[in-house]
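Chemist: Quick one: sequence plus predicted model below, questions after.
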Amino acid sequence: MKLIDWLLKKSTHHKSFVIDHKEHKKKTRDSFRRVKRDNMLIVQKLRQHENRIAKLEGMMEENSQPMKIYRKGR
């Protein structure tokens, strides 16, 4: 009887390890996906900012003359 109890205990213990490993694997995979997605979003934002800066620099080079600012009369 003790042997059967011991085997049952070991099998359930092993089963819980397998379940824990499966959950852990799922969580880490999801977190890696989240990090990868976040990194992709950060890279996209950086590229957008670089493009905006390049566009503004191009506009500044074209309009190297001082800008005239007109005020509306009150």
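Modeler: Cool, the structure landed. Just so it is clear, the structure is predicted and the values come from calculations on it, not from any experiment.
Chemist: only C-alpha atoms for contact and neighbour calcs from this point on.
Modeler: Will do.
Chemist: next one: stretch 36-50 to chain centre, how far?
Modeler: Here stretch 36-50 is found 9 Å from its chain centre; the criterion is C-alpha atoms, centre = their mean, to the nearest Å.
Chemist: where in the chain is pLDDT low?
Modeler: 1, 14, 64-71, 73-74 (pLDDT under 70).
Chemist: and whichever strand or helix holds D20, what other elements does it pack with?
Modeler: Assigned by DSSP states H and E, D20 falls within helix 2-62. Taking 3 or more C-alpha pairs under 8 Å, 6 or more residues apart in numbering; DSSP states H and E as contact, there are no helices or strands that helix 2-62 lies on.
Chemist: and it, how far out from the chain's middle?
Modeler: 8 Å.
Chemist: neighbours around V43, how many?
Modeler: V43 has 12 neighbours, counted by other C-alpha atoms under 10 Å.
Chemist: so how far is R52 from it?
Modeler: V43 sits 14 Å away from R52, going by C-alpha to C-alpha, to the nearest Å.
Chemist: cool, H13 as well?
Modeler: Separation of H13 from R52 (C-alpha to C-alpha): 58 Å.
Chemist: Appreciated, that's everything.
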